[in-house]
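>>> the sequence and its predicted three-dimensional model are supplied below.
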Amino acid sequence: MSSSSISKSIFLVLNLAVVAIQAFLIHSVSSMNKTNAYLYHTCSETEGKYKPKSPYEGNFNFLISDMSKDTFVRGFVYSYHGDDPNTVYILLQCRGDSYGSKCGSCLTTATSELRRRCPMSKAGIVWFDKCLLKISPTAFFEKIDYKNKFYMYSTKKVSDPGSFNAKTKALLTELAAKATRRSDKLLLYEKGEMNLGKMKLYGMVQCTRNLWFTVCKTCLDKIIGELPNCCNGKEGGRVVSGSCNFRYEIYPFLDTVQ
């Protein structure tokens, strides 16, 4: 079989899988990266398209410009602009270690990629390693987005998957509890580590901050419950949705300098 035929076959299988499970992608790639790499995107067909120079595009451009003026000290924006039927809702959530200028840089990259990958789409979401950007003509405050979700995992397996899965779940569950503990500075983000003999397990959990802490806990419990289905015995992995995500690795993957 030629390389061209193989490529077409792989594309067809992935395309059919996405259609069959409504944009739920199981993405088998190495989770090892410390860059702000592009991860995935979805473009909503049901919400339709907007026309060039339309009020919807104008409202979208206004929000991006307004967000760009922010220093992103807290790494999060949920906002809207315009009147029905051209109201645009937008969310930017940066990873917990990527606030300040890193968040602003991620917004610029995410905006460019969302326009390129979902041209003129009224609704879409794009994920990068350090942020996500979502737009919609419908409000989604306090609404969990389970529909837009995907897996990523390492190609390497541990020697004792059962024990490793249990310890990974224990760490992520602990982090979820800490991230959703009610406080004056509710960031809905937590990182931590666990000793595993001669190595360490590193993990993080995070929700978009348009969710209340109890709703965030529900979201995190749901995706953590997908272990080991997503990443059975893999050295690293993550489940990423439009509202919450987790990641674990056997090496440090978060930035230590803001």
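Nice, I can see it.

>>> list the buried ones in the one helix or strand Gly58 maps to?
Using DSSP states H and E, Gly58 sits in helix 55-68. For helix 55-68, the neighbour count (16 or more other C-beta atoms under 10 Å) marks Tyr56, Glu57, Asn59, Phe60, Leu63, Ile64, Met67 as buried. C-beta coordinates here come from the backbone N, C-alpha and C atoms, glycine included.

>>> tell me the buried residues in the next helix-or-strand element following it?
Downstream of helix 55-68, the first helix or strand assigned by DSSP H and E is strand 76-81. Buried positions in strand 76-81, judged by neighbour count with 16+ other C-beta under 10 Å: Phe76, Val77, Tyr78, Tyr80, His81.

>>> what do you get for stretch 242-258?
Buried, per 16+ other C-beta under 10 Å, within stretch 242-258: Gly242, Ser243, Cys244, Asn245, Phe246, Arg247, Tyr248, Glu249, Ile250, Phe253, Leu254.

>>> what strands line up against the stretch of helix or strand Leu39 belongs to, and which way round?
In this structure, Leu39 sits in strand 38-43 according to DSSP H and E. Sheet pairing for strand 38-43, assigned by DSSP bridges, gives strand 124-128 (antiparallel).

>>> now do the partner strand: distance to the chain's middle.
7 Å (C-alpha atoms, centre = their mean, to the nearest Å).

>>> show me the contacts for the nearest residue to Tyr78 once chain neighbours are set aside.
Spatially, and ignoring its direct neighbours in sequence, Tyr78 is nearest to Asn210 (4.4 Å; C-beta to C-beta, 6 or more residues apart in numbering). The contact partners of Asn210, by C-beta atoms under 8 Å, 6 or more residues apart in numbering, come to Tyr78, Leu91, Phe140, Phe141, Glu142.

>>> out of those, list just those in strands.
In this view, the contacts of Asn210 that belong to strands under DSSP state E are Tyr78, Leu91.

>>> out of the contacts of Asn210, who's nearest Thr35?
Nearest to Thr35 among the contacts of Asn210: Leu91, at 22.6 Å, using C-beta to C-beta.

>>> what pairs with that closest one across the strands?
Bridge pairing for Leu91 - DSSP bridges - gives Tyr78, Lys134.
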